[in-house]
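Enquirer: what shape does this take:
(chains A and B)
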Amino acid sequence: MNNIPLLLKREYWEHRGGFLWTPVWMTGVILIFTVLGILSAEVLGSNAHVHVGFSLDELRNHISANDLAEAGNALDMAQLVFGGLACVGLFFVLFFYLLGALYDDRRDRSVLFWKSLPVTDTATVVSKALSAMLVAPIIAFAAATAAYVVFLVLIVLWAGAHGLNAFPAILAAHPLGMLGRLLLTVPVNAMWALPAIGWLLFWSAYVRSKPFLWAVLIPFFALIANWWLGKLGAPHFSGDLNLAAILGRLLFSIAPGSWIASSGSGILGNHVRMGLDDDHVVSSLDPSRVYSLLAEPNIWIGAVAGVALLVAAIWFRQRRIETAS
Amino acid sequence: MSATPNAIVHARNLSKSYGPLKALDGVSFEIEPGRIVGLIGPNGAGKTTALKAILGLTDFEGELSVLGFDPRTQRAQLMEHVCFIADVAVLPRWIKVSEAIEFVAGVHPRFSREKCEAFLAHTKIQPTMRVRELSKGMIVQLHLALVMAIDARLLVLDEPTLGLDILYRKSFYESLLSDYFDENKTIIVTTHQVEEIEHILTDLVFIRDGKIALAATMDEVGERYAEVMVNPDRAADARALKPLNERQIFGKSIFLFDGIERARLAALGELHKPSVADLFVATMKGTYA
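Expert: Numbering: from 1, shown residues only, chains lettered A, B, ... in the order given. This is a model prediction of the structure:
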């Protein structure tokens, strides 16, 4: 287990493209839109028309009207959008990372190299889970923060070109507070995602081929079977034991902040309403609200299930090497 | 075979089945330190299964201890003292040479970075290259550099030179002998190119249908087996001594004998030491029939 830091580094080496470059490009796209919007506004003398969760035009109006509280709030919203977009990328990256983590090296037989080194299978599986829980999200938020800093520079230059000073607006915003709050969601996200991490790693360690089909089709058919049993009037999952929500959690809880959603994958949706507060964006991620999730039994039940799946993944990692191909 | 306390590998009644196929069928053997053991067998005879069992890469029935460890449950500890090179494809293709060195140096307590870099300095491999950019031969050189820099007690080679040209194959075994092997190390090697490793082996194990067909030191092999080139008029006499094998060359018959007195054989014709390849062919007669 004392190899864990190096094993995490190994995961980063292999998945630099997903862990680093995906959030860089995802957030880079907003920067490109911002630059294009500013240029077209300057050339055409009209509005920038950049609307990606925040409006560049509103932000400019707030700054020029010296409405600092509003401008600061708009900047916070922009920062949240950068973080959120990195999280969207993170969901896809983690989904395929986890499905391949214990499968790809068996398929190309490089598992024989990894297994020829004095590293326990437990340490290997734990390093992959930790990469998904902590390393990739922290890198994603770091990339989002870097992009946001570039965004602020663009805003300052643009405002300066019009004789406006954007610094008071930045001072009215809460960049460090927002960053801290985004980072504080990482442990909660990680714990909430444990069932999905365990589920995907389990299939990755277990299957001889096509981990994606197993991991996705089994919940899908379980759902159909359950619906069918319900139609027949036979015993089935219903009411509080919402099977769709449970199975959705197995697949989609690696989406950061999926516990916020009131629909879709979040079972908690009905209990915890944490919609974004447009007037005070920064308070939406208040740690006391985020960590109130830990009072819900659901997150603990899911974590136990996730750990059980991880133990099963370790068991198969010790025994299964061959793939069908 | 008697159990010796300092044996590197100690196997009793090893069995492993894949469905109806018995890859290993109650195999017992010992491997002593300081030996270079050639494990030779036809395709599907159970060589790779035996190696996988030794390396803790497969489940099996029976009793097996490698350097005192149980490979099934103590793979990670075992791998501090055992190195393994399988055929060329097993280094991950995405990894950079420098990353591979950093990783092995970090996880392996007995790895010497200096040795590894000194070995690589004799090749065209650069630290910034990725494995996918290397030729097959260079990948094996890299793997060999990583392994030779580890002060391990047992080195397992499973078809290490498969698909390499003759230059790489020669230099592979030369480096192994001159820069790596000593009396404290043991090497187990499987290959189909028997003639290339014949001169470096100290021990020979033939495996067939999951069973050991022959296990002997090379000295014993030299004493037991002899080839005689016999003129046609003496061929009937030779056949009476129950040769293992008979083949024809230039109108003469070449007979392979097991455990017949030298003097009697010399009377029949010209004596030779049989090559491992000929011995193998004779022992494995009818394998695919």
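
Enquirer: show me the shaky parts of the stretch 151-300 of chain A.
Expert: Counting by pLDDT under 70, the stretch 151-300 of chain A contains low-confidence ranges at A:239-241, A:261-282, A:284.

Enquirer: what's the closest non-adjacent residue to the closest residue to chain B within it?
Expert: When scored by CB to the nearest CB, the stretch 151-300 of chain A has A:Arg208 as its residue closest to chain B, at 13.3 Å. (C-beta placed from N, C-alpha, C; glycine too.) Among residues not flanking A:Arg208 along the chain, A:Ala324 sits closest, at 4.2 Å (CB to CB, 6 or more residues apart in numbering or on different chains).

Enquirer: ok, A:Asn189 next?
Expert: Of all residues not flanking A:Asn189 in the chain, A:Pro256 sits nearest, at 4.6 Å (CB to CB, 6+ apart).

Enquirer: so that neighbour touches A:Pro137, yeah?
Expert: Yes. A:Pro256 lies in contact with A:Pro137 (CB atoms under 8 Å); the separation is 6.2 Å.

Enquirer: name the residues contacting each of those two.
Expert: A:Cys87, A:Leu90, A:Val186, A:Asn189 (CB atoms under 8 Å, 6 or more residues apart in numbering or on different chains).

Enquirer: by neighbours, which of the residues you listed wins?
Expert: Highest neighbour count within those, by other CB atoms under 10 Å in any protein chain shown: A:Leu90, with 28 neighbours.

Enquirer: so where do the strands sit in chain A?
Expert: For chain A, no strands are identified by DSSP state E.

Enquirer: I misspoke; the intended subject was chain B.
Expert: Listed in chain order, the strands of chain B (DSSP E) span B:9-18, B:21-31, B:36-40, B:61-66, B:82-85, B:154-158, B:186-190, B:203-208, B:211-217, B:225-230, B:245-249, B:252-258, B:269-272.

Enquirer: and these as JSON lines, adding mean neighbour count and mean pLDDT?
Expert: Formatted as JSON lines, the strands of chain B follow (neighbours: other CB atoms under 10 Å in any protein chain shown; pLDDT from 0 to 100):
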{"stretch": "strand B:9-18", "mean neighbour count": "18", "mean pLDDT": "92"}
{"stretch": "strand B:21-31", "mean neighbour count": "19", "mean pLDDT": "90"}
{"stretch": "strand B:36-40", "mean neighbour count": "24", "mean pLDDT": "93"}
{"stretch": "strand B:61-66", "mean neighbour count": "17", "mean pLDDT": "94"}
{"stretch": "strand B:82-85", "mean neighbour count": "26", "mean pLDDT": "92"}
{"stretch": "strand B:154-158", "mean neighbour count": "23", "mean pLDDT": "93"}
{"stretch": "strand B:186-190", "mean neighbour count": "24", "mean pLDDT": "93"}
{"stretch": "strand B:203-208", "mean neighbour count": "22", "mean pLDDT": "91"}
{"stretch": "strand B:211-217", "mean neighbour count": "17", "mean pLDDT": "89"}
{"stretch": "strand B:225-230", "mean neighbour count": "22", "mean pLDDT": "88"}
{"stretch": "strand B:245-249", "mean neighbour count": "12", "mean pLDDT": "85"}
{"stretch": "strand B:252-258", "mean neighbour count": "21", "mean pLDDT": "88"}
{"stretch": "strand B:269-272", "mean neighbour count": "15", "mean pLDDT": "86"}
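
Enquirer: and these: which comes nearest chain A?
Expert: Chain A lies closest to strand B:82-85 among these, at 3.9 Å (CB to the nearest CB).

Enquirer: and for A:Ala78, the neighbour number?
Expert: Using other CB under 10 Å: A:Ala78 sits among 26 other residues.

Enquirer: what do you get for A:Ala65?
Expert: Burial measure for A:Ala65: 10 neighbouring residues, criterion other CB under 10 Å.

Enquirer: phi and psi next, for it.
Expert: A:Ala65 adopts backbone torsions of phi -80, psi 0, taken as degrees, to the nearest 10.

Enquirer: distance of it from chain B?
Expert: A:Ala65 sits 53 Å away from chain B, going by CB to the nearest CB, to the nearest Å.

Enquirer: contact partners for that residue?
Expert: A:Ala65 neighbours (CB under 8 Å, 6+ apart): none.

Enquirer: confidence score at it?
Expert: With respect to pLDDT, A:Ala65 has a value of 83.

Enquirer: the residue of the stretch 151-300 of chain A closest to chain B and A:Ile321 touch, don't they?
Expert: No. The criterion here is CB under 8 Å, and A:Arg208 misses it with A:Ile321 at 10.3 Å.

Enquirer: quick check, nearest of the shared contacts of A:Pro256 and A:Pro137 to B:Ala235?
Expert: The closest of the shared contacts of A:Pro256 and A:Pro137 to B:Ala235 turns out to be A:Leu90 (CB to CB; 78.8 Å).

Enquirer: leaving out sequence neighbours, find the closest residue to the closest one.
Expert: That would be A:Ala140: by CB to CB, 6+ apart, it lies 4.8 Å from A:Leu90.

Enquirer: neighbours of the one you found, how many?
Expert: Applying other CB under 10 Å, we find 30 residues neighbouring A:Ala140.

Enquirer: same question for B:Phe181.
Expert: For B:Phe181, the neighbour count with other CB under 10 Å is 18.

Enquirer: enumerate every residue touching the residue nearest to it when sequence neighbours are not counted.
Expert: If the residues on either side of it in the chain are set aside, B:Phe181 comes closest to B:Ile187, at 6.4 Å by CB to CB, 6+ apart. Neighbouring residues of B:Ile187 by CB under 8 Å, 6+ apart: B:Arg35, B:Ile36, B:Val37, B:Leu154, B:Leu155, B:Val156, B:Leu157, B:Leu176, B:Phe181.

Enquirer: so what pairs up with B:Ile187 in the strands?
Expert: B:Ile36, B:Leu155 (DSSP bridges).

Enquirer: domains of chain B?
Expert: Annotated domains of chain B cover B:33-59+B:75-209, B:221-283 [automatic domain parsing].

Enquirer: so how far is A:Pro235 from the nearest residue to B:Glu196 once chain neighbours are set aside?
Expert: Nearest residue to B:Glu196, sequence neighbours excluded (CB to CB, 6+ apart): B:Arg169, at 6.0 Å. Separation of B:Arg169 from A:Pro235 (CB to CB, to the nearest Å): 66 Å.

Enquirer: contacting residues around A:Glu70?
Expert: Shown in contact with A:Glu70 (CB under 8 Å, 6+ apart): A:His62.

Enquirer: pLDDT score for it?
Expert: 86.

Enquirer: then B:Pro274?
Expert: On the pLDDT scale, B:Pro274 gets 87.

Enquirer: now do the one 4 residues further on
Expert: Taken from the predicted model, the pLDDT recorded for B:Asp278 is 86.

Enquirer: and it, how many neighbours?
Expert: Count around B:Asp278 with other CB under 10 Å applied: 20.

Enquirer: residues contacting it?
Expert: The contact partners of B:Asp278, taken as CB under 8 Å, 6+ apart, are B:Glu227, B:Asn245, B:Leu256.

Enquirer: ok, the residue nearest the centre of chain B to B:Ile101 distance?
Expert: Residue closest to the mean C-alpha point of chain B, counted by CA atoms, centre = their mean, is B:Val189 at 2.1 Å. Shown here: B:Val189 relative to B:Ile101, a distance of 24 Å by CB to CB.

Enquirer: same question, B:Met79
Expert: 17 Å.

Enquirer: could you check which of these two is surrounded by more residues?
Expert: Taking neighbours as other CB under 10 Å, B:Met79 and B:Ile101 compare with B:Met79 leading, 24 against 21.

Enquirer: the more buried one contacts A:Trp114, correct?
Expert: No. In this structure, B:Met79 is not within contact of A:Trp114 by CB under 8 Å, at 10.2 Å.

Enquirer: coming back round to it: my guess is the residue nearest to A:Arg208 contacts A:Pro211. True?
Expert: No. Judged on CB under 8 Å, A:Ala324 makes no contact with A:Pro211 at a distance of 11.5 Å.
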